[in-house]
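Chemist: Sharing a model that was predicted from the sequence below.
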There are 2 protein chains.
Amino acid sequence: AARFNQDNYVVVDHHTYVFVGDGCLMEGVSHEVASLAGVQKLGKLICLYDDNGISIDGEVKDWFADNTAQRFEAYGWHVVDDVDGHNADAIAAAVNEAKASPLPSLICCKTTIGYGAPTLAGTSSAHGSPLGDEEISGTRGNLDWKYGPFEIPDELKEAWDCRQSGAESESNWRQQFAEYASKFPELAAEFERSVSGELPSTWESRMAELLKETAESGESKASRNASADVIGVIASMLPELLGGSADLTGSNCTIWDEAQPISDIAPGGNYVYYGVREFGMTAICNGIALHGGLIPFSGTFLTFMEYGRNAVRMAALMGIRNILVYTHDSIGQGEDGPTHQPVEQLANLRSTPNMSTWRPCDTVETVVAWKAAIERQSGPSALVFSRQGLPCQTRDEAQLNDVARGAYVLRDAENPVAIILATGSEVDVAVQAYDELSGEGVAVRVVSMPSADVFEAQDPEYRDSVLPPSIRCRLAVEAAHPDYWRKWVGLEGNVIGLPTFGASGPGAQVFEHFGFTPEAVAATVREMI
Amino acid sequence: AARFNQDNYVVVDHHTYVFVGDGCLMEGVSHEVASLAGVQKLGKLICLYDDNGISIDGEVKDWFADNTAQRFEAYGWHVVDDVDGHNADAIAAAVNEAKASPLPSLICCKTTIGYGAPTLAGTSSAHGSPLGDEEISGTRGNLDWKYGPFEIPDELKEAWDCRQSGAESESNWRQQFAEYASKFPELAAEFERSVSGELPSTWESRMAELLKETAESGESKASRNASADVIGVIASMLPELLGGSADLTGSNCTIWDEAQPISDIAPGGNYVYYGVREFGMTAICNGIALHGGLIPFSGTFLTFMEYGRNAVRMAALMGIRNILVYTHDSIGQGEDGPTHQPVEQLANLRSTPNMSTWRPCDTVETVVAWKAAIERQSGPSALVFSRQGLPCQTRDEAQLNDVARGAYVLRDAENPVAIILATGSEVDVAVQAYDELSGEGVAVRVVSMPSADVFEAQDPEYRDSVLPPSIRCRLAVEAAHPDYWRKWVGLEGNVIGLPTFGASGPGAQVFEHFGFTPEAVAATVREMI
């Protein structure tokens, strides 16, 4: 709204309605999002609470006795308490009151679950199972309902048939938008482009240019910093980009120079300080992606993905463009120790259906990963970045193009006897081992695999050209759980991975401690061939 | 306390102190556990809130403006507000006030982060980085601190040295306990056994008996129901067993006949209705396991493990006995559809270091799984059960004993040409395929693998006897993500798994839709050999 509305032309002006029950309000995510909505003063948000006092285990009074009205007042919400949830007029009045408030509103509706059912009303049995014939018949009697199954009386049908009023509203809006488009043609075009989810026409060429520049400059840096560079460029092209972090902005490198924090007094911003709320953040970004018109991305440490896992899975299940930036991607992050060091998270992301996961090894792969994530409209992407610095690998033109295919041959030899597969920070370890082995005359190939799922989606010819089925002497190197890699190296191959939790220490020392060194990789290859 | 304390003999009587900061109170789990503590009126719980108004991204006022005192009052807590967190006397007074309340207490302490530091006090820079020499020197000046680094003035050392008073307290308690032990020898012995985490001397024989009975009766039932049977037996032996579910008691089958719900008026109960709070539940069970004296287990659907993932990982990292019951373990649960159907969760549990995961195929394996989980003191166990009925497999004595080794040969042939590996509900599918193939003269082996981690811990001879390295024609069948299984079947093998999200429908139909049928398994084996 802040971006597109103009005097006398309010093209964005709708409320968001949320329905919650007792169970929803017990879940922790309800706290995270309601607390943030309160401080952001999201006056367009109206939440109806179906307060029936029942959850699956029975009457909630023994496990949920919050004063919910007081709780939401503590968040800075406007609360309409004690509304009869079976009285449509009372609800309508409450909604109008909510609309008039500049704060987000909670409407607490007292209801009876299974209302009217003779013996099951007000019990958890009315939640998950069909009522059954006898109970249905009694309910009809109690509600004085004289119509057959699926028979809708005309007067009710008419009262609920909003096709005409809806068509009129839409036509009015379209007429207003046509005027808006003639007065503000560029804004209107941008509005339509953003809402459709399309990228600007300059996207391809600018990103190709960025990739070329990045490859040519060959800078060594942490991929989280490389990511920040790319975000800056993308944000300059995409005003619909909405960034944020769960209280790790500086560590996740998710902010850019021109970013403006969103708040109640600056609703036109493009960066959200989500606070320490990983689950809420991911779920909010799901909602924003579903709403459309914006491309949300948000950051936290890879380990803390766990807090938001349910929303991560929902993004994949719903097939929406929610971009998840996960930094501090391995034991390489060092000092924070095992609580902050991911081990099983990469395997988890890769086995989540419809999730696209990237773990770039340098600035170049980072550009390609971000490009793929922005272009992918059919599901979320996880972009996994290092805390520590990474050298930039050299590539020829063909290799540069093949990064986008998810895996490619980064170093090669004539008739290689072994393949080393690696991702992220371990690619350079593999390349150093390659140099060592090449010096000894051992012919090996190094495959960089920033995105296994993208590679899997390639045609079999390409896949076999990168990983020839005849070469079974394969070693995967990744500072993450090794089990996943059997998919690529099989039973004859080997994995240098991390089957245990990490350890606290300077990143380089922790890497060495767990055997992620060129020497160990080269030694393993020598043993295998 | 309710179990052991007697008139004039209060052997359990301590408070639990919790320290939280702004970040902790933003996290959703703070809502889940505080809400439950409120309704349970946990008067022994005292929480000190370090309210310094700073999180990593800066001053929290822009993303965290809750009235935290009001919020906790809404949970039914006693709140001591506006305490000067730099004033020890004020804190001591607040703690005394908290101890006098029958409710859980929150003590809100206003503090300044980096107190005394000339330029960094009250800023987020004081959170994660060292202050540096200049700032340290200024801090010393501001605090009038005249001592060198690591130099502790005598008067402070004496004031904080609680060795003598602690020794006296302990000695008093031991003296009281000795009297208690002479008056209530059985209770005292039970107290010592429970606190040490030891199982009763009858454990082994009773469990061996249960296993024998279960194998003999050969009942077909859902493994969640088989689990309920085992829980009943275990609970009769272990008064320290503390059950619960996140509002799915009936579905998880986590309750038993003699279970007593815990509440403020029945603190001696042994079952917690956790409400819809998977993360809070798992974290609370972590706390209970760390405290000792009780063996917590708790239930939810396998998919909803995601809500509690962080606490699941922490249980594994801390190496504590927290038993996680996860039912509705696959698309076999049917009608609830993809949001409720796990796909990647088994792989995730299996790649979590120090997690022991069991997915039993029938009543017999369920007994073994529970026995292993109770006996495992070095880490958590995940017990994964079906919603749908499962036939009981026949086994000879040796097979019955080998279940505890994590994987074993369930059906065999002379010189098998192929191995079918399966877990849980897919074991019977594999056995039916075996019957079909055997009828055709195809010699195959069926390996049931209820716990891959337990199998991996066996000696190589046993592992090779179950999965001979020479037999590479291997087919894994599991209604879960297939990638994990490459670890066992390699590149030459095959997996009938579920690489996508599930679908809604009756369980048997969904199974058939995704190819988990004896016919499909047999056909795949025929193609492979």
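Modeler: Nice, I can see it. The shown structure was predicted, so the numbers you read here are calculated from the model rather than taken from an experiment.
Chemist: Does anything pack onto the host helix or strand of residue A:90? Which helices or strands?
Modeler: In this structure, residue A:90 sits in helix A:88-100 according to DSSP states H and E. Using 3 or more CB pairs under 8 Å, 6 or more residues apart in numbering or on different chains; DSSP states H and E, the elements in contact with helix A:88-100 are strand A:45-51, strand A:78-84, strand A:105-110. No exception for glycine: its C-beta is placed from N, CA and C like everyone else's.
Chemist: By residue count, what's the longest helix in chain A?
Modeler: helix A:163-183 (DSSP state H).
Chemist: Just the residues contacting the next helix-or-strand element following it, thanks.
Modeler: As assigned by DSSP H and E, the chain's next helix or strand after helix A:163-183 is helix A:185-196. Applying CB atoms under 8 Å, 6 or more residues apart in numbering or on different chains, the external contacts of helix A:185-196 come out as A:4, A:6, A:11, A:177, A:180, A:181, A:200, A:239, A:240, A:292, A:293, A:294.
Chemist: With residue A:230 as the reference, measure out to residue A:374.
Modeler: Distance from residue A:374 to residue A:230, counting by CB to CB, to the nearest Å: 10 Å.
Chemist: Residue A:447 belongs to a strand?
Modeler: Yes: assessed with DSSP: H, G, I helix; E, B strand; the rest coil, residue A:447 lies in a strand.
Chemist: Grab the nearest non-local neighbour of it.
Modeler: Nearest in space to residue A:447, with sequence neighbours left out and distances taken as CB to CB, 6 or more residues apart in numbering or on different chains, is residue A:421 at 4.8 Å.
Chemist: May I have the strands that pair with the helix or strand where the one you found lies, each with its orientation?
Modeler: If you go by DSSP H and E, residue A:421 is part of strand A:418-422. In the sheet, strand A:418-422 lines up against strand A:444-448 (parallel), strand A:474-477 (parallel) (DSSP bridges).
Chemist: Enumerate every residue touching residue A:54.
Modeler: A:22, A:60, A:113, A:122, A:123, A:124, A:126, A:127.
Chemist: again, only using 7 Å
Modeler: Contact partners of residue A:54, counting by CB atoms under 7 Å, 6 or more residues apart in numbering or on different chains, are A:60, A:113, A:122, A:123, A:124, A:127.
Chemist: what's around the fifth one, how many residues?
Modeler: Other residues within reach of residue A:124 by the criterion other CB atoms under 10 Å in any protein chain shown amount to 20.
Chemist: how much space between it and residue B:448?
Modeler: Counting by CB to CB, the gap from residue A:124 to residue B:448 is 37 Å.
Chemist: List the buried residues of stretch A:382-401.
Modeler: Neighbour-count burial for stretch A:382-401 flags A:382-393, A:395, A:399-400 (criterion: 16 or more other CB atoms under 10 Å in any protein chain shown).
Chemist: make that stretch A:223-243, sorry
Modeler: Buried, per 16+ other CB under 10 Å, within stretch A:223-243: A:223-231, A:233-235, A:237-238, A:240-243.
Chemist: At the contact with chain B, which residues of the stretch 251-400 of chain A appear?
Modeler: Proximity of the stretch 251-400 of chain A to chain B, by CB under 7 Å from any CB of the partner chain, involves residues A:263, A:273-277, A:279-280, A:306-307, A:309-310, A:313, A:317, A:338-339, A:343-344, A:347-348, A:350-353.
Chemist: residues of the helix or strand containing residue A:461 that come out buried?
Modeler: Using DSSP H and E, residue A:461 falls within helix A:460-466. Neighbour counts using 16+ other CB under 10 Å place A:463, A:466 of helix A:460-466 among the buried residues.
Chemist: Contacts for that helix next, please.
Modeler: Residues outside helix A:460-466 that contact it (CB under 7 Å, 6+ apart) are A:405, A:407, A:408, A:409, A:447, A:455.
Chemist: hmm, 6 Å instead?
Modeler: A:407, A:409, A:447 (CB atoms under 6 Å, 6 or more residues apart in numbering or on different chains).
Chemist: Tell me the one of those nearest residue B:515?
Modeler: Among those, residue A:407 lies closest to residue B:515 (CB to CB), at 27.9 Å.
Chemist: Can you report how many residues lie near the closest one?
Modeler: Quick note: residue A:407 (other CB under 10 Å) scores 24 neighbours.
Chemist: Summarise which helices and strands the helix or strand following the strand holding residue A:421 is packed against.
Modeler: Downstream of strand A:418-422, the next assigned helix or strand under DSSP H and E is helix A:426-439. With contacts defined as 3 or more CB pairs under 6 Å, 6 or more residues apart in numbering or on different chains; DSSP states H and E, helix A:426-439 has these neighbours: strand A:444-448, helix A:518-528.
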